[in-house]
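Participant: Okay, here's the prediction I keep looking at, along with the sequence it came from:
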Amino acid sequence: MQLNGDQRLEAYRRMLRIRRFEEEGMRRFKGDKIPGFFHASVGQEAAVVGACLALRIDDAMIGTHRSHGHPIGKGAHLDALMAEVMGKEGGICKGRGGSMHFADRSVGIISESAIVGGGIPLATGCAFSARVRGIDQVTLCFFGDGAVNQGTFHESLNMASLWKLP
């Protein structure tokens with residue numbers, strides 16, 4: 001996918017938003033303002049934004065335990081994300097999901113999972129749902145290299161291939 005000047009500028013803006021969000025989150029975590037833990041993804045901004053720029057707002061996405069940048073890459077509101085990380089009622093999950101369990105349907109974030117490879121079967125089911133409903137929607141699933149050692153990785157990819165999932 002070749003990006004024009006406006007798209008490149010938007011990609012840079014999103015990467016910068018992710019970096020600033022992560023830096024602020026780390027500051028707040030170190031200041032004991034964030035309950036639980038804060039798994040930053042500094043350095044992964046370009047991969048997230050590059051993948052998200054290929055998606056439509058209604059396309060589904062599933063993330064990992066380092067997924068603060070994924071909703072931002074799709075255009076989520078920063079204030080609601082930070083409120084969620086801080087356990088506040090104004091968060092995207094009313095403060096109940098915390099740092100590792102974002103869900104924001106307004107930008108297609110179905111879920112994020114702290115379980116290694118836990119999002120892969122979920123993504124398979126999400127793509128299957130789109131296929132059954134006959135809608136033109138794809139599902140993107142982020143995961144780390146440790147996830148390919150999980151049985152769910154291989155099972156989910158086999159199912160996705162057999163069913164020709166989007």
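Facilitator: Arrived safely.
Participant: longest single helix anywhere in this structure?
Facilitator: helix 5-30 (DSSP state H).
Participant: in that one, what counts as buried?
Facilitator: Buried residues in helix 5-30, counted by 16 or more other Cβ atoms under 10 Å: 11, 14-15, 17-19, 21-22, 25, 29. Using the backbone N, CA and C atoms, a C-beta is placed for each residue, glycine as well.
Participant: What ranges does the chain have for its strands?
Facilitator: Assigned by DSSP state E, the chain shows strands spanning 60-63, 109-112, 139-141.
Participant: so what secondary structure elements neighbour the worst-scoring helix or strand of the chain on mean pLDDT?
Facilitator: Least confident helix or strand of the chain, by mean pLDDT, DSSP states H and E, is strand 109-112 with a mean of 90. The contact analysis (3 or more Cβ pairs under 8 Å, 6 or more residues apart in numbering; DSSP states H and E) places strand 109-112 against strand 60-63, helix 69-73, helix 119-133.
Participant: how distant is it from the center of its chain?
Facilitator: Between the centre of strand 109-112 and the centre of its chain there are 6 Å (Cα atoms, centre = their mean, to the nearest Å).
Participant: what sits up against it?
Facilitator: Residues from elsewhere that reach strand 109-112, judged by Cβ atoms under 8 Å, 6 or more residues apart in numbering: 60-65, 67, 70-71, 74, 76, 100-103, 119, 122-123, 126, 139.
Participant: any idea how far residue 42 lies from residue 76?
Facilitator: 18 Å (Cβ to Cβ, to the nearest Å).
Participant: What distance do you get for residue 128 to residue 160?
Facilitator: Taken as Cβ to Cβ, the span from residue 128 to residue 160 is 8 Å.
Participant: Name the residue in the two with the higher neighbour count.
Facilitator: Of the pair residue 128 and residue 160, residue 160 is the one with more neighbours under other Cβ atoms under 10 Å, namely 19 against 16.
Participant: was I right about the more buried one contacting residue 130?
Facilitator: No. Between residue 160 and residue 130 there is no contact under Cβ atoms under 8 Å: 11.7 Å.
Participant: What's the end-to-end length of stretch 103-123?
Facilitator: Taking Cα to Cα, to the nearest Å, stretch 103-123 runs 13 Å from one end to the other.
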